[in-house]
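Participant: sequence and computational prediction follow.
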Amino acid sequence: MNPPSDFQRQLTRRAFLGRSALGLGALGLSSLLNGNLPAASGPPGRPQYAPKAKRIIFLFMSGGPSQLDLFDPKPKLNELNGQPMPDSLVKNERVAQLQGKQLKCMGTRYQFARYGQSGVDISELLPWTAKMADDITVIRSMQTEAINHDPAVTFMQTGSAQPGRPVMGSWLSYGLGSNNRDLPAFVVLVSGIGTGQNLHTRYWGSGFLPTVHQGVQFRSKGDPVLFVSNPPGMSPEVRRRVLDSVRDVNQRKLDVVGDPEIATRIEQYEMAYRMQTSVPELMDTSKEPASVFDLYGQDAKTPGTFAANCLLARRLAERDVRFIQLYHRDWDHHDQLPKGITTQCRQVDQAGFALVQDLKQRGLLDDTIVIWSGEFGRTPMSQSNTAYDTYGRDHHMKAFTAWVAGGGFKAGALIGATDDLGYAVTKDPVPVHHFHATVLHLMGIEHTKLVYRSQGRDFRLTDVHGNVVRALLT
């Protein structure tokens, strides 16, 4: 017998590594499904225990909304407007662009009133959100570890400030699979394009997970999904024959080397073919009744607006898409905050209210989690000046506000508190890792068991941290 050639030895090594990668993925999934079962047991796509929620809609306010002007009023801060911040709070503390500058108190020009059974304070800028105070829980004590936009968005999405890890939607696609074979498990919609901070596609990337779990962006102009439509001269019948031939070639390669990315490629081709029918039907809102557009606002008729994306989010939820990520840009108000935040609130307030009410009246809110949050908050110190018509605020990671609704979260509650000046959390802190652990819990996942091994290390969304915040649960 002739000794194996270099090519044969490499092929064997590739096959071993590829099949090992598949085996490690199965090991991580099986540990998620049942920590007491051996690696090969347990059907895919099942939660570890009975979930409260089946899907998530994440309304991400990119840039960092000012909690002090929206959800966390501070009368003492208004009293001290223009005066130095107390050294006891800010000495040797991290700030972003204010480092080395005199730190002055900056109150808010907006009026607050109490709403709902929790008596939560909500700003005059958010009259529609105020109407659903009994449907949401406001979390005033969110905390993050990153102080600048890109690492903070990365941290909120992946649990790490370093790029390269899977985002939450990818983790859920990997752990729970899809409930709709004609649409991706993880869909991304973006509004405010061309304004504010850049949004990188890695914010919906699968990191080291197989790329079948990455988010798919649906666009408002042109083809909703790039490269899905048939090119000119290509009939559906010809496309089907081409796909069948390519699938057969890829399958033979997969049988030899066991590379999970080949399996991903096969599935993505098939998904693209199915989306040629499912996506145009999804994106066509023309048959929605007038009452729906009255609820969401007339902006919902304009593709690419936040209101239109909220309506699409409801349609995706109806079709059992697992994770629906909406990004809305331009909340980064270092100056001219009153002008900027007023514009942003007009764009998102009614649509966010409409989404929650629409899900509720259709019986979907009980098993759908809705999250409204940015990557961090804004400082109680002024940036640029302290004039009530032109002031701005810097990035703030020590305390910010989010709200949640549905899917097993408490309704009509207020969690957490900050000090008299809104600088630091004083009650019930909710770090991002705790928040992730809580969301996974409601999806039926024990966060320490949703694990994937990459480069010799076990990774998870909550890294080595995270506790379920029981105060948030029903």
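Facilitator: Arrived safely.

Participant: now Ala50, what's its secondary structure?
Facilitator: Three-state call for Ala50 (DSSP: H, G, I helix; E, B strand; the rest coil): coil.

Participant: burial count for Gln455?
Facilitator: Gln455 has 6 neighbours, counted by other CB atoms under 10 Å. C-beta here means a position set from N, CA and C on the backbone, and glycine is covered the same way.

Participant: list the residues that contact it.
Facilitator: Listed by CB atoms under 8 Å, 6 or more residues apart in numbering, the contact partners of Gln455 are Phe208.

Participant: Ser88 now?
Facilitator: Contact analysis of Ser88 by CB under 8 Å, 6+ apart lists nothing.

Participant: quick check: phi and psi at it.
Facilitator: phi -60, psi -20 (degrees, to the nearest 10).

Participant: which SSE is the most centrally placed residue in the chain in?
Facilitator: By CA atoms, centre = their mean, the mean C-alpha position of the chain lies nearest to Phe58, the distance being 4.4 Å. Here Phe58, judged by DSSP states H and E, is contained in strand 55-61.

Participant: for the chain, which segments count as helices?
Facilitator: Taking DSSP state H as the test, the helices found in the chain are 6-33, 67-70, 75-79, 87-90, 127-131, 149-158, 168-176, 236-257, 260-283, 290-296, 306-318, 337-361, 432-442.

Participant: state the mean pLDDT of the longest one.
Facilitator: Taken as a whole, helix 6-33 carries a mean pLDDT of 45.

Participant: before we move on, what about the last one?
Facilitator: When pLDDT is averaged over helix 432-442, the result is 98.

Participant: angle of that helix against helix 168-176?
Facilitator: Angle, helix 432-442 to helix 168-176, by axes from the mean of the first three to the mean of the last three CA atoms, to 10 degrees: 40 degrees.

Participant: and the residue nearest to the centre of the chain, what does it touch?
Facilitator: If a contact means CB under 8 Å, 6+ apart, then Phe58 has 168-169, 323-326, 371, 373 as its contacts.

Participant: can you do 6 Å?
Facilitator: Contacts for Phe58 were tallied using CB atoms under 6 Å, 6 or more residues apart in numbering; they are 325, 371.

Participant: same thing with the one 5 residues further on?
Facilitator: If you count contacts by CB under 6 Å, 6+ apart, Gly63 has them with 196-197, 330-332.

Participant: need the residues you listed in a markdown table with pLDDT and distance to Pro163, can you?
Facilitator: Output for these, formatted as a markdown table (pLDDT from 0 to 100; distance: CB to CB, whole Å):
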| residue | pLDDT | distance to Pro163 |
| --- | --- | --- |
| Gly196 | 83 | 20 |
| Gln197 | 85 | 15 |
| Asp330 | 96 | 22 |
| Trp331 | 98 | 21 |
| Asp332 | 97 | 20 |
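
Participant: ok, so of these, who is nearest Asp248?
Facilitator: Proximity of these to Asp248 was ranked by CB to CB; the top entry is Gln197 with 44.7 Å.

Participant: count the neighbours of that closest one for me.
Facilitator: Using other CB under 10 Å: Gln197 sits among 20 other residues.

Participant: give me the distance between the closest residue to it other than its chain neighbours and Arg46.
Facilitator: Closest residue to Gln197 apart from its sequence neighbours, by CB to CB, 6 or more residues apart in numbering: His149 at 4.9 Å. Per CB to CB, to the nearest Å, His149 is found 37 Å from Arg46.

Participant: burial count for the residue nearest to Asp69 when sequence neighbours are not counted?
Facilitator: Once flanking residues are discounted, Asp69 sits nearest to Thr108: 4.8 Å by CB to CB, 6+ apart. Neighbours of Thr108 under the rule other CB under 10 Å: 27.

Participant: residues in contact with Phe459?
Facilitator: Phe459 neighbours (CB under 6 Å, 6+ apart): Tyr452.

Participant: so it bridges to which residues?
Facilitator: Residues in a beta bridge with Phe459, per DSSP bridges, are Tyr452.

Participant: touching, Pro279 and Pro224? I think so.
Facilitator: Pro isn't right for residue 279; it's Val. Yes - between Val279 and Pro224 a contact is recorded at 5.0 Å, counting by CB atoms under 6 Å.

Participant: of all the helices of the chain, which one is nearest Ser191?
Facilitator: From the helices of the chain, taking CB to CB, the stretch that ends up closest is helix 306-318, at 4.3 Å.

Participant: ok and that closest one relative to helix 337-361, angle-wise?
Facilitator: Using the same axes, to 10 degrees: helix 306-318 against helix 337-361 is 30 degrees.

Participant: re the thing from before, just the C-alpha atoms of the strand holding Phe58, please, in CSV.
Facilitator: Only the C-alpha atoms of strand 55-61 are listed here, as CSV (Å, rounded to 0.1, in the frame of the first residue of the first chain):
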residue,chain,number,x,y,z
ARG,A,55,-39.5,35.7,20.2
ILE,A,56,-37.9,39.1,20.9
ILE,A,57,-38.3,42.5,19.3
PHE,A,58,-35.3,44.8,20.3
LEU,A,59,-35.9,48.5,19.6
PHE,A,60,-32.4,49.7,19.7
MET,A,61,-31.9,53.5,20.1
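
Participant: tell me how far that strand lies from the chain's centre.
Facilitator: Distance of strand 55-61 from the chain centroid (CA atoms, centre = their mean, to the nearest Å) equals 5 Å.

Participant: now that strand: average pLDDT?
Facilitator: Strand 55-61 shows a mean pLDDT of 98.

Participant: who does Val138 form a beta bridge with?
Facilitator: Here Val138 sits in beta bridges with Trp403, Leu414, as judged by DSSP bridges.

Participant: that one contacts Val120, doesn't it?
Facilitator: Yes - counting by CB under 6 Å, Val138 does reach Val120; the two are 5.0 Å apart.

Participant: residues that sit against both of these two, list them.
Facilitator: Counting by CB under 6 Å, 6+ apart, the contacts common to Val138 and Val120 are Leu414.

Participant: run through who's touching stretch 284-303.
Facilitator: Stretch 284-303 has contacts (CB under 6 Å, 6+ apart) with 220, 305, 307-308, 311, 350-351, 354.

Participant: and what of stretch 433-443?
Facilitator: With contacts defined as CB under 6 Å, 6+ apart, stretch 433-443 is touched by 51-53, 159, 407-408, 447, 461-462, 465-469, 472.

Participant: which among the contacts of stretch 284-303 count as buried?
Facilitator: Buried by 16 or more other CB atoms under 10 Å: 220, 305, 307-308, 311, 350-351, 354, out of these.

Participant: Val321: what's it in contact with?
Facilitator: 183, 187.

Participant: torsion angles phi and psi at it?
Facilitator: According to degrees, to the nearest 10, Val321 has phi -70, psi 140.

Participant: any idea how far it is from Thr154?
Facilitator: In terms of CB to CB, Val321 sits 23 Å off from Thr154.

Participant: and Asn467, by the same measure?
Facilitator: Using CB to CB, Asn467 is found at 22 Å from Thr154.

Participant: ok, these two, which is more surrounded?
Facilitator: The residue with more neighbours, out of Asn467 and Thr154, is Thr154; 22 against 14, by other CB under 10 Å.

Participant: ok, now how distant is the more buried one from Pro86?
Facilitator: For Thr154, the distance to Pro86 - CB to CB - is 32 Å.

Participant: how about Glu318?
Facilitator: Taken as CB to CB, the span from Glu318 to Pro86 is 51 Å.
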